[in-house]
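[1] got a sequence here, can you model it:
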Amino acid sequence: MGRRILLSETQLKTALATLPGWKKKGKAIERTIEFETYADGLDFAVRIGRRADRDNHHPDLVVGYCRVTLRWTTHDAGGLTALDIAGARMTDDEERI
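    You can find the predicted model right below:
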């Protein structure tokens, strides 16, 4: 259950240094990714959603025209945990596919 322990500011800062484009926004980390077409963004959001569902840890997803914004937070912990860092890394991995 250690994955649901809130990260310290130092731990978060260290993790974000390895996650280009991710920014802390309140109790979440957020990134917007641009796509060539709306369909590309939609496909990406579905891939993220399916993986998140398998992992039982879900980001907030906003699909716009040729962009997807993702916000990771651990709601039941009240902020950022290792699960959110793992979610951001998974997001970055999916973007490279």
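
[2] who are the packing partners of the longest helix along the chain?
    If you go by DSSP state H, the chain has its longest helix at helix 38-55. Applying 3 or more C-beta pairs under 8 Å, 6 or more residues apart in numbering; DSSP states H and E, one finds that helix 38-55 makes contact with strand 60-64, strand 67-72, helix 82-96. For the C-beta atoms, the positions are set from N, CA and C on the backbone; glycine is no exception.

[3] is it true that Phe44 touches Phe35?
    Yes - Phe44 is within contact range of Phe35, at 6.6 Å (criterion: C-beta atoms under 8 Å).

[4] you'd agree Gly49 is up against Val63?
    No - applying C-beta under 8 Å, one finds Gly49 not in contact with Val63, separated by 10.2 Å.

[5] can you tell me the closest non-neighbouring residue to Phe44?
    Leaving out its chain neighbours, the residue that sits closest to Phe44 by C-beta to C-beta, 6 or more residues apart in numbering is Val68, at 5.7 Å.

[6] looking at it, that neighbour is touching Thr37, isn't it?
    No - using C-beta under 8 Å, Val68 is not in contact with Thr37, being 12.0 Å away.

[7] please say which of these two ends up with more neighbours.
    A direct count of neighbours by other C-beta atoms under 10 Å for Val68 and Thr37 places Val68 higher, at 23 against 10.

[8] count the neighbours of Gly49 for me.
    13.

[9] just the pLDDT for it.
    On pLDDT, Gly49 comes in at 97.

[10] please begin residue numbering at 242 from this point
    Yes, from this point I'll number from 242; that puts the last item at Gly290.
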